[in-house]
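[1] Next come a sequence and a model predicted from it.
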Amino acid sequence: MAIDFDKFDKTVNLEGLQKDIESASENGGDFPEIPKGTYEVKPHAMEIKLTKKEPKRPMFAAQFKILSGEYKGQLLFMNRVIYGTKNDGSMIKSVLGFLKKMEAPDVVIAFDNYSQFSDLVLDVQEAVDGALEYAVDYDPDAFNSISIKEVFDVE
């Protein structure tokens, strides 16, 4: 079955869209694919948010900024749906393990409920922001796309 793209083309300002595409390219809109490897990173953002697809479900989302090398300034992403999966307990356990490896000072890593867990993730982000950096193995095709290998104090 062929898609009739005419109806889409008629609803969009194609000239304006072309300008938007060019602007995105000029302003860093082209993000390189980060290959599997080991990177030195700092936490950029972590939160529990809802998935984009319906039904919307809670998901752990983490971003780490690469600090050096060819991909300096680029972000690594890790997402984990933690509700409505076939094995929510294992999904939450994997996030708990990841958070423990971040070694956030004075933060007790535990799951009591989803609201508390969301606050916990923000507490970890706040505790490590500007204080710790990490050596991580990154594999975009792995279940755990980011694995923490070493933790460094920021001086």
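    Cool, got the structure. Residues are numbered from 1 along each chain as shown.
[2] Other residues contacting stretch 91-102?
    Contact with stretch 91-102 is made by 43, 60, 62, 78, 80-82, 85, 109-111, 117, 120-121, 124, 128, 132, 134, 144, 146, 148, 151, as judged by CB atoms under 8 Å, 6 or more residues apart in numbering. Just so you know, the C-beta spots here come from the backbone N, C-alpha and C atoms, and that holds for glycine as well.
[3] next one: stretch 124-139
    34, 36-43, 45-47, 64, 67, 76, 99, 102-107, 109, 145-154.
[4] can you check stretch 74-87 too?
    Contacts to stretch 74-87, defined as CB under 8 Å, 6+ apart, come from residues 31-32, 34, 39, 41, 44, 48, 51, 55, 57-66, 88, 91-92, 94-95, 98, 114, 117, 136, 138, 144-146.
[5] where do the strands sit along the protein?
    For the chain, the strands defined by DSSP state E occupy 37-50, 58-66, 75-81, 132-138, 146-153.
[6] who wins for proximity to residue 10 among those strands?
    Distance to residue 10, taken as CB to CB, is lowest for strand 37-50 among the strands of the chain, at 32.1 Å.
[7] which helices and strands does that closest one pack with?
    Counting by 3 or more CB pairs under 8 Å, 6 or more residues apart in numbering; DSSP states H and E, the packing neighbours recorded for strand 37-50 are strand 58-66, strand 75-81, helix 114-128, strand 132-138.
[8] Export those to CSV and append columns for mean neighbour count and mean pLDDT.
    Listed next are the helices and strands packed on strand 37-50 as CSV, based on neighbours: other CB atoms under 10 Å; pLDDT from 0 to 100:
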stretch, mean neighbour count, mean pLDDT
strand 58-66, 20, 96
strand 75-81, 17, 95
helix 114-128, 16, 96
strand 132-138, 19, 98
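[9] Between these, which one is closest to residue 17.
    strand 75-81 (25.2 Å).
[10] For that closest one, which strands pair with it and how are they oriented?
    Neighbouring strands of strand 75-81 in its sheet, by DSSP bridges, are strand 58-66 (antiparallel).
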